[in-house]
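Undergrad: everything below, folded, please.
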Amino acid sequence: MSQRIFLHGLESSNQGTKAVFFRERYPDMLIPNFQGPFRARMERLEEILAGRSDLVITGSSYGGLMGAVFAMENEEREKRLVLLAPAINLPEFEAYRTRTIDIPVRIFHGRKDPVIPIAQIEPIARKCFRDLEFHPVEDDHFLHRTFKTLDWDRLLA
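TA: Prediction:
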């Protein structure tokens, strides 16, 4: 069976709305807490996922950035990547923008996102992820209207 993990955003935690939703609905899902700078967060993620494969990573915003970087560095260990308004426009993803991966990547991004502009994300995603479904939705950065309506059973299968 796949190992599922949720990566929260920069100013969120494993007690945020999305984390609580996943914890209640998918008790086997890993939902760690991350703090500090990007490198420290990535080191913690590497420790948590050491020796694991067949990974289904869901990342929100900065957690989406983390998930995308992890996938770029560990494609063979990934089954699927689900990204919610991923912050792949930040400098931490710059080194990966010339690379591509073939795993299924599903992105949901609000058209009204003032934090991570969809117009910056879509071209990067289309260039880097060969098996991409990009879903612009009528929503904000936090996907308040959309998040709970997504078919999570299918996305995380």
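
Undergrad: run the chain-centre distance for stretch 59-79.
TA: Relative to its parent chain, stretch 59-79 has a centroid offset of 6 Å by CA atoms, centre = their mean, to the nearest Å.

Undergrad: list the buried residues of that stretch.
TA: For stretch 59-79, the neighbour count (16 or more other CB atoms under 10 Å) marks 59-72, 74, 77-79 as buried. C-betas here are computed from N, CA, C, even on glycine.

Undergrad: out of those residues, which are inside strands?
TA: 59-60, 78-79 (DSSP state E).

Undergrad: ok, which pair from those is furthest apart?
TA: Using CB to CB, the two most remote members of those are S60 and K79, lying 18.6 Å apart.

Undergrad: checking the closest residue to I118 other than its chain neighbours next. Helix, strand or coil?
TA: The shortest distance from I118 to any non-neighbouring residue, by CB to CB, 6 or more residues apart in numbering, is to H109 (4.8 Å). The three-state label given to H109 by DSSP: H, G, I helix; E, B strand; the rest coil is strand.

Undergrad: residues in contact with H109?
TA: Applying CB atoms under 8 Å, 6 or more residues apart in numbering, one finds that H109 lies in contact with 84-86, 116, 118, 121-122, 134-137.
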